[in-house]
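Chemist: With the sequence up front, the predicted model follows.
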Amino acid sequence: MINKKLNEFTKSISKILYDYDPVELVQHGVPEDEYDSEAFAIICRLRDITDTRSLKWIIYEVFEAYFFKENILPLSHECYTLISEKIWEEWEEVKKV
């Protein structure tokens, strides 16, 4: 049961990352599961997060580690704020269960 919920949550976060695409890979036809690893890396750090601002930094750090700074959108790009808000909403729902 826990593995199923974790898998669903990971897929949900991966979809958010895919939709906002901070590496701009979608235009190159990558599969929808392209960001599963990054989603899982973000999820592993959620318990340490207290707000969307902290989450925004975590998201950026994960992408920087996976793709290198030169290949991702800058931290100032609005996509990180939008991603953090969406993930935070999902996380709040997961915590209720």
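Modeler: That came through fine.

Chemist: which residues of this structure fall in helices?
Modeler: Remark: helices assigned in the chain by DSSP state H are 2-20, 36-43, 52-67, 78-96.

Chemist: List the contacts of the closest residue in space to Glu64 that isn't next to it in sequence.
Modeler: Take Glu64 and drop its neighbours on the chain: the residue closest to it by CB to CB, 6 or more residues apart in numbering is Ile72, 6.3 Å away. To be clear about C-beta, it is placed using only N, CA and C from the backbone, and glycine gets the same treatment. The contact partners of Ile72, taken as CB atoms under 8 Å, 6 or more residues apart in numbering, are 22-23, 60, 63-64.

Chemist: can you put these in a markdown table and add neighbour count and distance to Trp88?
Modeler: Converted to a markdown table, the contacts of Ile72 look like this (neighbours: other CB atoms under 10 Å; distance: CB to CB, whole Å):
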| residue | neighbour count | distance to Trp88 |
| --- | --- | --- |
| Pro22 | 23 | 16 |
| Val23 | 18 | 21 |
| Tyr60 | 21 | 15 |
| Phe63 | 24 | 17 |
| Glu64 | 15 | 20 |
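
Chemist: could those residues go into a markdown table alongside distance to Arg47 and pLDDT?
Modeler: What follows is the contacts of Ile72, written out as a markdown table (distance: CB to CB, whole Å; pLDDT from 0 to 100):
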| residue | distance to Arg47 | pLDDT |
| --- | --- | --- |
| Pro22 | 23 | 95 |
| Val23 | 25 | 95 |
| Tyr60 | 18 | 96 |
| Phe63 | 20 | 97 |
| Glu64 | 21 | 95 |
